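> here you go, sequence then predicted model.
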Amino acid sequence: MTRSAITHGTGAPETSGAAAISPKARKRRKARASWTPAWVAYLQAAPMALVFLLFFVLPLAATFVVSFWNYTEYSIVPAFVTTNYSDVFYGCAASLPSLCTTFATYLSTLKFVAIVWVATLLIGFAVAYFLCFHVRTLPMQIALFMVCTIPFWTSNVIRMISWIPLLGRNGLVNETLQSVGLIDAPLEWLLYSDFAVALALIHLYTLFMVVPIFNSMMRIDKALVEAAYDAGASGWQTLTNVVIPLVKPGIVIGSIFVVTIVTGDYLTIGIMGGQQIASVGKIIQTQINFLQFPIAAANAIVLLAVVLLTIWGMLRLVDIRKEL
Amino acid sequence: MATRPMPREERRPRSFYALAAFFALFVVFLYGPVVTILALSFQGPSGGLTFPMNGVSLYWFERLWGGGGTVDIGSAFRRSLALGLTVMVLTVVISVLAGLAFRKRFHGASALFYIAVASLIVPSIVVSLGIALEFRILDEILRPYLSALGLVSERGNSLGLFTSGLGAHLSWTLPFGLLIMFAVFNRLDKSYEEAARDLGATNWQSFRHVVLPMIAPFLIGIALFGFTLSFDEIARSSQAMGATNTLPLELAALTTTVTTPEIYALGTSVTAVSFTVIFGTLAAFLSLQRRRRRRAKG
């Protein structure tokens, strides 16, 4: 998507007439395809570049710099010390095989990442498959797709707290199970627990899997699927040999979204875990509240490194630029 | 779809019914919980946080908006609305400009694109902390000079709703805006502009009378993203709002302190705003599309 989108955007779209023109002439035409002077493009890109410079690039740079600063109880002091990083990993080597706080926190987060990734992938794939291959008319596809998308535009916090009347001690689920006689006492692990966190994360972020997978699936030529059937493939064989390889880029993009969101999440884990479950984001927030900015910055840089390494690893699995 | 006369297509396969049932369950999963808090926000005055309903009333809404309850929500609501509308307008304008820039060639195009995608991926708590740190450092460096010129007061900090808060939200909404602009411009036929050109239109005329009407429906989509993402944003706002709080931040704080259906009434009110915006936008989008199609025919 990345490079192809850009290069595609720069030149004139391929028209049937352009195919007849020699490459050299076409290049000349492409160069002339824009009538505006070159500096206009810079002027047009400037506002966006400025926003990202001021509110994304410089903040990350500031975080990196401050992560080497020193701090006292009431102020932060420019310096170059690595104590913040050694504090982040304090006791991690010494206390093995038992885990230090940082490793234990990342392991706990990793558990949520794994559960949520598997669940959103399966649900997202099934939903996208249904929309793409079983819904026959385009208006219906769009309508059902919108049904999936609308919750994304409403408040996440409200979507979280809306589980409370269902999962609480006297909530709908417990009441129902008790009245049916399946359980005697209310289940305590439904709310403010690992289960609640995982459920809420799946609830909030399945859409991030549905959209890219659906997008990849819609590009599949339906004739390919028909050909597979005609060649005698079973439904399962068609799925694993034709559909899944073709939607791999969508799966990877969706996975990147879900994995990075869950890794950096602290609100869902905080609210649905009853503020009892650790997460990296929560550690950072607590340190900010105590004005320990340098160590919070060091934690943020470590988190950033973990997220970027994860993305790098996932992009190794599939070359997105080649597949799009 | 009409070009699929396969006999197999005439009868739905069994997998259709299984997946249709699964999809229905998924929709219940998506909407079910929200429906319960919508219902519970109309709880009677003696009702609690869970079912059963103790009568039906608007009691909790009156408490919430009358200001007599535990929460003063009006000001946070107005702040979020003002910020959301500002972010919406800026997102549309900046995204369209950048989209136009990306149709031409310019140095740093790939870098800008990758930075936009990175802004989408980097954990919001990191960005939020970074913005807070950046503003602290800038304050430290610039404030003595600016206060000497009499532009700002000597003490205090520049973190605020329409400084760092606005920037934090834009760093979140602009990537969506840019990606939508890519999708739009990649599908836009350039021959219309060339025709406008050949008829002697200036740059501005061909943008105003040819390109803009064609991309207008999608700009509504960007506006929808801009407003709703800002109105509901919380992770990036957490450190970047300074002394003020937006509505979602208030709401998150309330989850631990409020034990009455007032919080559901708030949830219903916020959801009502979101739904009004969403369906208003969709209606505008559809009517624009229809008008365009009618014009194309007539």
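Received it, and whenever you're ready, just let me know what you need. Every value quoted in this text rests on a predicted model; they were computed, and no experiment measured them. Residues are numbered from 1 along each chain as shown, chains lettered A, B, ... in the order given.

> what's the helix-or-strand element of chain B with minimal mean pLDDT in contact with?
Lowest on mean pLDDT, DSSP states H and E among the helices and strands of chain B sits helix B:59-66, with a mean of 80. With contact meaning Cβ atoms under 8 Å, 6 or more residues apart in numbering or on different chains, helix B:59-66 is reached by B:41-45, B:68-69, B:71, B:73-74, B:260-262, B:264-266, B:268-269. Glycine gets a C-beta too; all of them are placed from N, C-alpha and C.

> 6 Å instead?
Helix B:59-66 has contacts (Cβ atoms under 6 Å, 6 or more residues apart in numbering or on different chains) with B:Pro45, B:Gly69, B:Pro261, B:Glu262, B:Ala265, B:Leu266.

> any idea of the mean pLDDT in the next helix or strand after it?
Using DSSP states H and E, the helix or strand that follows helix B:59-66 in sequence is helix B:74-103. Averaged across helix B:74-103, the pLDDT comes to 92.

> same check on stretch A:77-94?
83.

> end-to-end on that stretch?
The straight-line separation of the ends of stretch A:77-94 (Cα to Cα, to the nearest Å) is 29 Å.

> centre of the chain to that stretch, how far?
29 Å (Cα atoms, centre = their mean, to the nearest Å).

> just to revisit the earlier point, alpha carbons of the least confident helix or strand of chain B, as PDB, please.
Extracted in PDB, the C-alpha atoms of helix B:59-66 (Å, rounded to 0.1, in the frame of the first residue of the first chain):
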ATOM      1  CA  TYR B  59     -34.500  11.000  37.200                       C
ATOM      2  CA  TRP B  60     -30.800  10.300  36.500                       C
ATOM      3  CA  PHE B  61     -30.700  12.500  33.400                       C
ATOM      4  CA  GLU B  62     -32.200  15.400  35.500                       C
ATOM      5  CA  ARG B  63     -29.600  14.800  38.200                       C
ATOM      6  CA  LEU B  64     -26.800  14.700  35.600                       C
ATOM      7  CA  TRP B  65     -27.800  17.800  33.600                       C
ATOM      8  CA  GLY B  66     -29.400  19.700  36.500                       C
END
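
> which elements pack onto the host helix or strand of B:Phe113?
Assigned by DSSP H and E, B:Phe113 belongs to helix B:109-121. If you count contacts as 3 or more Cβ pairs under 6 Å, 6 or more residues apart in numbering or on different chains; DSSP states H and E, helix B:109-121 packs onto helix B:166-186.

> next SSE downstream of the helix it packs on?
Heading C-terminal from helix B:166-186 (DSSP H and E), you reach helix B:191-198.

> thinking again about what came up before, I'd like to know which of the contacts of helix B:59-66 are buried.
B:Gly69, B:Pro261, B:Glu262, B:Ala265, B:Leu266 (16 or more other Cβ atoms under 10 Å in any protein chain shown).

> identify the residues contacting B:Glu194.
B:Glu194 touches nothing, counting by Cβ under 6 Å, 6+ apart.

> re earlier: among the buried ones among the contacts of helix B:59-66, which ones are in strands?
Judged by DSSP state E, the subset of the buried ones among the contacts of helix B:59-66 located in strands is empty.

> take those and keep only those in helices.
Taking DSSP state H, the ones among those that sit in helices are B:Glu262, B:Ala265, B:Leu266.

> quick one: contacts for the last one?
It refers to B:Leu266. Residues in contact with B:Leu266 (Cβ under 6 Å, 6+ apart) are B:Leu64.

> would you mind measuring from it to A:Tyr129?
38 Å (Cβ to Cβ, to the nearest Å).

> what does the first one give?
Taking Cβ to Cβ as the measure, B:Glu262 and A:Tyr129 are separated by 42 Å.

> also the second one?
Distance, B:Ala265 to A:Tyr129, using Cβ to Cβ: 39 Å.

> any low-confidence regions in chain B?
Counting by pLDDT under 70, the ranges of chain B that qualify are B:1-10, B:67-72, B:154-155, B:298.

> domain map for it?
B:15-57, B:72-297 (automatic domain parsing).

> ranking those domains by burial, who's on top?
domain B:72-297 (a mean of 19; mean count of other Cβ atoms under 10 Å in any protein chain shown).

> reformat the contacts of helix B:59-66 as JSON lines; add distance to A:Thr83.
As requested, the contacts of helix B:59-66 are exported to JSON lines (distance: Cβ to Cβ, whole Å):
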{"residue": "B:Pro45", "distance to A:Thr83": "56"}
{"residue": "B:Gly69", "distance to A:Thr83": "47"}
{"residue": "B:Pro261", "distance to A:Thr83": "49"}
{"residue": "B:Glu262", "distance to A:Thr83": "46"}
{"residue": "B:Ala265", "distance to A:Thr83": "49"}
{"residue": "B:Leu266", "distance to A:Thr83": "44"}
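
> what about the helices in the stretch 201-324 of chain A?
For the stretch 201-324 of chain A, the helices defined by DSSP state H, counting those that start in this stretch occupy A:207-218, A:222-230, A:235-238, A:244-246, A:248-264, A:267-272, A:280-289, A:293-317, A:320-323.

> out of those, nearest to chain B?
helix A:248-264 (2.4 Å; Cβ to the nearest Cβ).

> now the closest one - C-alpha only, CSV.
Taking Å, rounded to 0.1, in the frame of the first residue of the first chain, the C-alpha atoms of helix A:248-264 are listed here in CSV:
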residue,chain,number,x,y,z
LYS,A,248,-2.5,-12.5,4.1
PRO,A,249,-1.7,-8.8,3.7
GLY,A,250,-5.0,-7.9,5.3
ILE,A,251,-4.4,-10.3,8.1
VAL,A,252,-1.0,-8.8,8.8
ILE,A,253,-2.2,-5.2,8.7
GLY,A,254,-5.1,-6.1,11.1
SER,A,255,-2.7,-8.0,13.3
ILE,A,256,-0.3,-5.1,13.5
PHE,A,257,-3.2,-2.9,14.6
VAL,A,258,-4.5,-5.3,17.2
VAL,A,259,-1.1,-6.3,18.6
THR,A,260,0.2,-2.7,18.9
ILE,A,261,-3.1,-1.4,20.4
VAL,A,262,-3.2,-4.1,23.1
THR,A,263,0.5,-3.8,23.9
GLY,A,264,0.1,-0.1,24.6
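
> that one close to chain B?
Yes: applying Cβ under 6 Å from any Cβ of the partner chain, one finds that helix A:248-264 is in contact with chain B at A:Thr260, A:Gly264.

> which other helices and strands contact that helix?
helix A:101-129, helix A:194-205, helix A:207-218, helix A:293-317.

> any idea how far the first one is from the chain center?
If I follow you right, that is helix A:101-129. 11 Å.

> stretch A:304-321: how far from the chain's middle?
Distance, centroid of stretch A:304-321 to centroid of chain: 12 Å (Cα atoms, centre = their mean).

> stretch A:254-266 now?
That offset, for stretch A:254-266, works out to 4 Å (Cα atoms, centre = their mean).

> quick check: B:Phe218 touching B:Phe182?
No: contact criterion Cβ atoms under 6 Å: B:Phe218 and B:Phe182 do not qualify, at 10.9 Å.

> related to what we said a few turns ago, would JSON lines of the helices of the stretch 201-324 of chain A with mean neighbour count be doable?
Below are the helices of the stretch 201-324 of chain A laid out as JSON lines (neighbours: other Cβ atoms under 10 Å in any protein chain shown):
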{"stretch": "helix A:207-218", "mean neighbour count": "22"}
{"stretch": "helix A:222-230", "mean neighbour count": "14"}
{"stretch": "helix A:235-238", "mean neighbour count": "13"}
{"stretch": "helix A:244-246", "mean neighbour count": "13"}
{"stretch": "helix A:248-264", "mean neighbour count": "23"}
{"stretch": "helix A:267-272", "mean neighbour count": "25"}
{"stretch": "helix A:280-289", "mean neighbour count": "21"}
{"stretch": "helix A:293-317", "mean neighbour count": "19"}
{"stretch": "helix A:320-323", "mean neighbour count": "14"}
